[in-house]
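Starting from these lines, generate the structure:
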Amino acid sequence: MRILILGANGFIGSHLVERLLDATDWDVTAFDLNGDNLDAFASSRRFAFTKGDIFESDGWIDARVRDHDIVLPLVGVAKPAYYVTHPVRTFELDFEQNLKIVRMCVAHRKRVVFPSTSEVYGMSPDAELREDASPLTVGPISEMRWIYSASKQLMDRVIAAYGQEEGLRYTLFRPFNWIGPRLDTFEDADTGSARSITQFAHDALTHRRITLVNGGAQRRSFTYIDDGIDGLVAILKNEDGRAEGQIFNIGNPANNASIRDLAELLLDVMREFPAFRDAARETQLVDQPAAQFYGAGYADMQNRTPSIEKITNLLGWRPKVSLREAVRLTLAAMVPND
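Residues are numbered from 1 along each chain as shown. Predicted coordinates for the structure are as follows:
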């Protein structure tokens with residue numbers, strides 16, 4: 001099996017590369033703007049990395065799509081602060097560039113495994129979000145935050161349409177707030193653009209207050225990266241074709257918690273690490289309205305809880321890692337080596 005991963009240096013991509021090289025005999029070709037998260041795999045005979053810009057590499061990508069069995073287009077923007085301030089770039093990356101890759105898969109009759117997102121559900125009224133039944137509801141045009149959700153939803157629909165009309169082999173997966181090492185960098189957090197767990201840890205360790213947007217009442221189903229990769233690998237293996245033409249939520253409903261809960265748990269777990277203990281004891285939580293934190297055009301959903309019945313029944317996947325353990329493992333990767 002030969003697999004092409006575009007955007008392989010990111011959070012999901014780098015963990016997937018690591019797992020595939022450790023646990024399969026597949027050949028992995030990786031592509032991204034940078035490869036710092038992939039340096040450890042450079043010596044593997046089954047791994048090849050090319051540095052490049054997806055906007056400027058159509059010929060190279062098309063040739064690699066032709067030569068591989070499965071394509072994972074992981075290139076994209078997945079940070080709410082960026083959606084609001086750079087909506088056009090968000091659309092260009094998350095829709096236009098991905099559509100280009102999908103059309104190559106159609107032309108060369110290659111299977112695509114596409115990263116949708118839990119954000120496609122938007123403000124769905126369902127307490128438990130189901131892949132094939134829950135409405136996908138977004139806000140008004142003035143709320144630029146929804147351009148990411150809308151771009152991803154449209155990609156989902158276009159991929160399914162190509163499956164119907166052109167026989168494209170595909171699977172869509174929807175990650176629900178995956179967390180773990182390499183999620184974001186402290187450089188991202190310096191500008192306030194990191195996702196919650198990295199931002200909170202950075203703020204505590206730099207003796208800042210942790211800011212809770214709108215009080216941190218929003219609830220998410222945090223999923224540890226190893227559990228997420230387990231589900232993704234099951235999709236890639238596609239035993240007996242059970243993943244063909246399917247959409248799968250990959251999340252941990254048992255880890256559903258508010259953002260405030262996450263911040264409080266993070267500080268509690270930080271006290272278990274001598275290097276973090278003092279900072280955790282001194283850190284305060286402060287509430288801030290979303291308009292002040294993100295600026296105009298931001299909106300949010302209050303709760304996202306996945307149904308995982310489908311992926312459990314078809315692929316036998318269930319998450320294993322508790323929220324506390326997920327936070328502990330994420331923090332452990334931040335401990336200074338000295």
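
Please make it C-alpha for all contacts and neighbour counts, starting now.
Will do.

Which pLDDT value goes with residue 338?
At residue 338, the predicted lDDT confidence score is 59.

got it, and residue 332?
Looking at residue 332, the pLDDT reads 95.

again with residue 297
Residue 297 is given a pLDDT of 69.

Please apply the same query to the one 5 residues further on.
Turning to residue 302, the model gives it a pLDDT of 88.

how many other residues sit next to it?
14 (other Cα atoms under 10 Å).

For it, which non-adjacent residue is spatially closest?
Closest residue to residue 302 apart from its sequence neighbours, by Cα to Cα, 6 or more residues apart in numbering: residue 218 at 4.5 Å.

likewise residue 74?
Closest to residue 74 by Cα to Cα, 6+ apart is residue 7, at 4.8 Å.

Out of the helices and strands in the protein, which is least certain?
Least confident helix or strand, the chain: helix 290-294 with a mean of 78, by mean pLDDT, DSSP states H and E.

Name the residues that touch that helix?
81, 84, 213, 214, 297, 298, 299 (Cα atoms under 8 Å, 6 or more residues apart in numbering).

SS state for the last one?
Following DSSP: H, G, I helix; E, B strand; the rest coil, we place residue 299 in the coil state.

could you measure it against residue 289, distance?
For residue 299, the distance to residue 289 equals 11 Å [Cα to Cα, to the nearest Å].

the more surrounded of the two?
Legend: neighbour count by other Cα under 10 Å for residue 299 and residue 289, higher for residue 299 (21 against 14).

Tell me who's in contact with that one.
For residue 299, counting by Cα under 8 Å, 6+ apart, the contacting residues are 139, 143, 145, 146, 290.

Report how many residues lie close to the fourth one.
Counted with other Cα under 10 Å, the burial measure for residue 146 works out to 26 neighbours.

So it sits against residue 136, correct?
No - using Cα atoms under 8 Å, residue 146 makes no contact with residue 136, being 11.4 Å away.

Return every residue with contacts to both of those two.
What both residue 146 and residue 136 touch, as defined by Cα under 8 Å, 6+ apart, is the set residue 122.

hmm, which two among the contacts of helix 290-294 are most spread apart?
Using Cα to Cα, the contacts of helix 290-294 span at most 16.5 Å, a distance reached by 84 and 214.

Comparing those two, which residue is more hemmed in?
residue 84 (22 against 18).

one step back: any idea which of the contacts of residue 299 is closest to residue 201?
residue 290 (19.9 Å).

how much space between that closest one and residue 89?
Relative to residue 89, and taking Cα to Cα, residue 290 is found at 22 Å.

How many neighbouring residues does the residue nearest to residue 32 when sequence neighbours are not counted have?
Spatial nearest neighbour of residue 32, excluding adjacent residues (Cα to Cα, 6+ apart): residue 7 at 4.8 Å. Residues lying near residue 7 (other Cα under 10 Å) number 25.

Residue 7 touches residue 75, doesn't it?
Yes - contact status for residue 7 versus residue 75: in contact at 4.3 Å, counting by Cα under 8 Å.
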